[in-house]
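*Asks:* predicted model and sequence follow; I will ask about them next.
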Amino acid sequence: MRIHYLRCGTDCPLGGALFDGFSLGPFGDIPCAAQLVETSEGLVLIDTGYGTDDVRHPHPRLSKFMRGLLNIRFRERETALRQVEALGFTARDVRHIVLTHLDFDHAGGIADFPQARVHLMAAERTAAERLRNGFVARRRYRPAQWNGATDWRTYDAGGGESWFGLDRGPRARRPAAGDPDDPAARPHRRPRGRGGAHGRRLGAERGRCLISTAANSIPTAGGALRGCGSTRR
């Protein structure tokens, strides 16, 4: 198993360290983090960041309020699709999309991979589709980004297994070895105050890593940031 870290979009909100905790300049640097996992059964994409349609037609797919607040830098080369292609793969090679949640900066690229099965917590899908009420929720969840997806698998809380002391998370079933339906990433419930946001754990030959639902701001050891042109402590 090989894991690629992807920056699938960049938010540069005015406020610097007030947003990301690290930037020294006036603008924060918040990458839309995603991971691409190479498995023997195909590619697994964990979150999708902004998609090509978001870059080309940000309105009305994304709210004007969030675009202004986050000062989003739309670059097609940063979309998951273009980065998958740059690695020598095609959109059809992505067999599964595992979403930590359906916020607009995580789900924008779903439409770029129409053949992929989408995996998500059932509570999060319900929150996005049926409980999309209030100022923030209507701007956080953007159905235009994922309404075209037809192959969904949702997971209820309970079951699963613990991992290094973390509570058990939901799981539909335990896939057999080599099962092409195995998304290669087991969900772990992470309370976040709403919906069904969660993290994912991955196992690889040389170790394991935990993908948190919103751990986007990753400190870098100084130097210029490629995203927003600021510096970090």
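*Replies:* Received the coordinates, thanks. Numbers count the residues shown, from 1 in each chain.

*Asks:* low-confidence bits of the chain, can you list those?
*Replies:* Scanning the chain for pLDDT under 70 picks out 159-161, 163-227, 229-233.

*Asks:* quick one, strands of it?
*Replies:* Secondary structure of the chain by DSSP state E: the strands cover 2-11, 30-39, 42-46, 72-73, 94-98, 117-121, 152-155, 186-189, 198-204, 207-211.

*Asks:* so which of those is nearest His57?
*Replies:* His57 lies closest to strand 72-73 among these, at 13.3 Å (C-beta to C-beta). For glycine as for every other residue, the C-beta is placed from the backbone atoms N, C-alpha and C.

*Asks:* run me through the strand neighbours of the closest one, direction for each.
*Replies:* strand 2-11 (antiparallel) (DSSP bridges).

*Asks:* for the closest residue to Ile110 other than its chain neighbours, grab the count of nearby residues.
*Replies:* Spatial nearest neighbour of Ile110, excluding adjacent residues (C-beta to C-beta, 6 or more residues apart in numbering): Trp146 at 4.8 Å. Close neighbours of Trp146, defined as other C-beta atoms under 10 Å, add up to 25.

*Asks:* please apply the same query to His57.
*Replies:* A count of neighbours around His57, defined by other C-beta under 10 Å, yields 11.

*Asks:* the one 5 residues further on now?
*Replies:* Leu62 is surrounded by 22 other residues when neighbours are defined as other C-beta under 10 Å.

*Asks:* surely it meets Phe104?
*Replies:* Yes: with contacts counted by C-beta atoms under 8 Å, Leu62 reaches Phe104, the gap being 5.7 Å.

*Asks:* quick check: neighbours shared by the two?
*Replies:* Counting by C-beta atoms under 8 Å, 6 or more residues apart in numbering, the shared contacts of Leu62 and Phe104 are Arg142.

*Asks:* returning to that earlier point: and the residue nearest to Ile110, how far from Met1?
*Replies:* Counting by C-beta to C-beta, to the nearest Å, the gap between Trp146 and Met1 amounts to 26 Å.

*Asks:* how about Phe89?
*Replies:* In terms of C-beta to C-beta, Phe89 sits 15 Å off from Met1.

*Asks:* same drill for the two, tell me which one is more crowded.
*Replies:* Neighbours per residue, other C-beta under 10 Å: of Phe89 and Met1, the larger number sits with Phe89, 16 against 13.

*Asks:* run a quick neighbour tally on the residue nearest to the more buried one when sequence neighbours are not counted.
*Replies:* In space, and not counting its chain neighbours, Phe89 is closest to Leu43: 6.2 Å by C-beta to C-beta, 6+ apart. Leu43 has 24 neighbours, counted by other C-beta under 10 Å.

*Asks:* beta partners of Leu43?
*Replies:* Beta-bridge partners for Leu43, by DSSP bridges, are Glu38, Val94.

*Asks:* need the contact list for it.
*Replies:* Leu43 is in contact with 36-37, 84, 89, 93-96, counting by C-beta under 8 Å, 6+ apart.

*Asks:* in contact with the residue nearest to Leu87 when sequence neighbours are not counted, which residues?
*Replies:* Once flanking residues are discounted, Leu87 sits nearest to His4: 6.9 Å by C-beta to C-beta, 6+ apart. Taking C-beta under 8 Å, 6+ apart, we find His4 in contact with 35-38, 83, 87.
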